[in-house]
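Colleague: Give the three-dimensional model of this entry:
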Amino acid sequence: MTIDTHKPFRHTRKAFFISSQTGKTMSHSMQTKRIAALSLTLALTACATTTFESPDSNFQGKVSVVETPLIVAGTEVKIAGRDFKPGQQVSLLYGDTTLSGSPATVGADGTFKTQFKVPASAQAGRHSLVVNAVKPTAALVVALKVSPNLPLSGLDRFDLKASKLTNGLYQAAYSMKNDRVFVTSAVGRPPVTQTELLKVHPQTLAIEARVTPAAAPAPAPRANATAAPAAAAPAKPALYAVYGIGVDDANGTVWVTNTRQNTLAVYNQADLKLIKQFEPDAVPHPRDVQIDTKHGKAYVTPLNKGSISVFDTKTLTFLKDLQIPSSLAAGTGRGNNAEAKPFSAMSLELDAANDRLYTVSMSTNEAAVINTANDTVEKVFALDGALSAIGVAYDRTANRLLVASQGSDNLLIVDVATGKTLHEVKVGAGALNVAFDQVTRLAYVSNRGADTVTVVDADGKIVANLPGGSYPNHVVVDGKGGAFAINKARGTDDPKGDQITYIKPR
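Modeller: As a prediction, this is how the structure comes out:
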């Protein structure tokens, strides 16, 4: 079942705008009379046939997109529902247009499946679909994200060199002092038994050193948890898997986050020997780490805690939790903060010369500016145009933030002084991370869902859309005009998976 591709999704809450042509010429007055007569007929018909049936007073139905990992214009979308009433008839509508053809009938188990085709002319954005059920009647509104589908471009303007490293690549950090790239990797969900920290030559992209982190202690039982039957011990112990990474060129160290154990560790840049493994639960679900060598501090982002954890890079000790209050009050309807969610810091960007640290919140779609000299929060402001903000970079020449957002598939260029969004650039599905090169004044955006790295200039113009391998996950610049992009893999035999790619303008 498909819908007519001449009926386009508009990036608006309104219904389809449908035009029809009769092939005949009519005067304006004749057209007006015919439209009025048709409207009256439809209204009378609706009044004569519409009844208020007994509603489903305890409706618990849920709907999700299945088997459709990426939705762009022209995609066949599969929809599945559960917790509906057996025998209900379910239709999908966009505005006043039915998408699903004949209604789907809910089975005895309360589930149904249906599908429709997104029009080839659909505009990128979040579209509201109505799930309408009868016998008994119920309805809900679901959001359908249609991602931009940018073709590859600009390949003649850049040199790309790629090399396969190891399974489960995650992030990279570049040491300007030692001219080396450090890369983290972790495979699978807990207990994670395959993880490495790598040291990579920036020109040859060859692995010069590697280390497997130590075994981690078994997690303590959760309070009030129901006792479960004894399970067989895993074949291998869980390791202190490494994820986020930052380099400290003042002390010759590499900091990594051990997200699964809620902690972090410090290694030696020269030989990757472990210097300190912090105890579990030092930082709740840490993601990124940024090193400020000027003030001797490491900043770590914990998930959904409304704070950033600060450590001393010389003594390797915890200093404080820096609280970041959200600027959005509950019920404002702005972003995702209708229920007063805490500021959830994600990526970090340091402007060392001006003692400023920047971060963005995925939960509230805000940015925060922190003074690293005294660890005070100077400003928190909403990001207009962001949904699930996650990546951040900084253009110090223009005093602008660059924000990548997974939910809105875009890159925002924001004036820090005013908080105003100056440019919104649709870059690709699942924009995850961004790095800005101060030399070439180019931003590199990793689009995890689109398998691309989009290059955008400082004024929001797309310069190139480059192949990024499978699941581009991270990108970091070298300060010399180039960037290192990291991507993950679709399975163990993916020829484009788990690569590091060096990108440089010609």
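
Colleague: where's the residue lying closest to Gly491 once chain neighbours are set aside relative to Asn487, distance?
Modeller: For Gly491, ignoring the flanking residues on the chain, the nearest one in space by C-beta to C-beta, 6 or more residues apart in numbering is Gly497 at 7.4 Å. Every C-beta, even on glycine, is put in place using the N, C-alpha and C of the backbone. Gly497 sits at a distance of 7 Å from Asn487 (criterion: C-beta to C-beta, to the nearest Å).

Colleague: More neighbours: these two, which one.
Modeller: Remark: of Gly497 and Asn487, Asn487 carries more neighbours, 26 against 19, as counted by other C-beta atoms under 10 Å.

Colleague: Show me the residue at the heart of the chain, geometrically.
Modeller: Gln406 (2.9 Å; C-alpha atoms, centre = their mean).

Colleague: How about the contacts made by it?
Modeller: Gln406 is in contact with Met362, Leu387, Ser388, Ile390, Gly430, Ala431, Leu432, Arg448, counting by C-beta atoms under 8 Å, 6 or more residues apart in numbering.

Colleague: surely Gly428 meets Asn410?
Modeller: No: using C-beta atoms under 8 Å, Gly428 makes no contact with Asn410, being 9.1 Å away.

Colleague: quick one, which of these two is more surrounded?
Modeller: Neighbour totals were compared for Gly428 and Asn410, and Gly428 leads with 29 against 25 (other C-beta under 10 Å).

Colleague: what's the helix or strand for the more buried one?
Modeller: Counting by DSSP states H and E, no helix or strand carries Gly428.

Colleague: quick check, the residue nearest to Gly491 in a strand?
Modeller: No: inclusion of Gly497 in a strand is not indicated when DSSP: H, G, I helix; E, B strand; the rest coil is applied; the result is coil.

Colleague: all strands for the stretch 401-506 of the chain, in order.
Modeller: With DSSP state E, counting those that start in this stretch as the definition, the stretch 401-506 of the chain shows strands at residue ranges 410-415, 421-426, 431-437, 442-447, 452-457, 462-467, 472-477, 483-487, 499-505.

Colleague: residues making contact with the fifth one?
Modeller: The one in question is strand 452-457. Identification of contacts with strand 452-457 by C-beta under 8 Å, 6+ apart yields 150, 152, 154, 158, 411, 425, 427-428, 431, 441-447, 462-468, 472, 475, 485, 501, 503.

Colleague: angle of it against strand 410-415?
Modeller: Strand 452-457 and strand 410-415 meet at an angle of 30 degrees, taking axes from the mean of the first three to the mean of the last three C-alpha atoms, to 10 degrees as the criterion.

Colleague: In PDB, could you pull the C-alpha coordinates for strand 452-457?
Modeller: Coordinates of each C-alpha in strand 452-457 appear next as PDB, following Å, rounded to 0.1, in the frame of the first residue of the first chain:
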ATOM      1  CA  THR A 452      28.300  10.600   5.800                       C
ATOM      2  CA  VAL A 453      30.600  13.300   7.100                       C
ATOM      3  CA  THR A 454      29.200  16.700   6.000                       C
ATOM      4  CA  VAL A 455      31.600  19.600   5.600                       C
ATOM      5  CA  VAL A 456      30.100  23.000   6.300                       C
ATOM      6  CA  ASP A 457      31.800  26.400   6.200                       C
END
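
Colleague: In it, which residues are buried?
Modeller: When burial is assessed from 16 or more other C-beta atoms under 10 Å, strand 452-457 yields the following buried residues: Thr452, Val453, Thr454, Val455, Val456.

Colleague: Would you list the strands that it pairs with, along with their directions?
Modeller: Strand 452-457 pairs in its sheet with strand 442-447 (antiparallel), strand 462-467 (antiparallel), by DSSP bridges.

Colleague: Other residues contacting the first one?
Modeller: Contacting residues not belonging to strand 442-447 are listed as 391, 393, 395, 402, 404, 409, 411, 427-437, 453-458, 463, 468, 472-475, 477, 483, 485-487, 503, 505 [C-beta under 8 Å, 6+ apart].

Colleague: got the angle for it vs strand 472-477?
Modeller: 160 degrees.

Colleague: For strand 442-447, C-alpha coordinates in CSV please.
Modeller: Extracted C-alpha coordinates of strand 442-447, given in CSV (Å, rounded to 0.1, in the frame of the first residue of the first chain):
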residue,chain,number,x,y,z
LEU,A,442,35.4,24.3,8.2
ALA,A,443,33.1,22.1,10.4
TYR,A,444,33.0,18.4,10.1
VAL,A,445,29.7,16.7,11.1
SER,A,446,29.4,12.9,11.7
ASN,A,447,26.0,11.8,10.5
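
Colleague: how much does that strand deviate in direction from strand 421-426?
Modeller: Using the same axes, to 10 degrees, strand 442-447 lies at 50 degrees relative to strand 421-426.

Colleague: now strand 442-447: mean pLDDT?
Modeller: On average, the pLDDT along strand 442-447 is 98.

Colleague: circling back to that earlier point, so which of the strands paired with strand 452-457 is nearest Ser185?
Modeller: For the strands paired with strand 452-457, the distance to Ser185 is smallest for strand 442-447, at 16.1 Å, taking C-beta to C-beta.

Colleague: So which bits of that closest one are buried?
Modeller: Neighbour-count burial for strand 442-447 flags Leu442, Ala443, Tyr444, Val445, Ser446, Asn447 (criterion: 16+ other C-beta under 10 Å).
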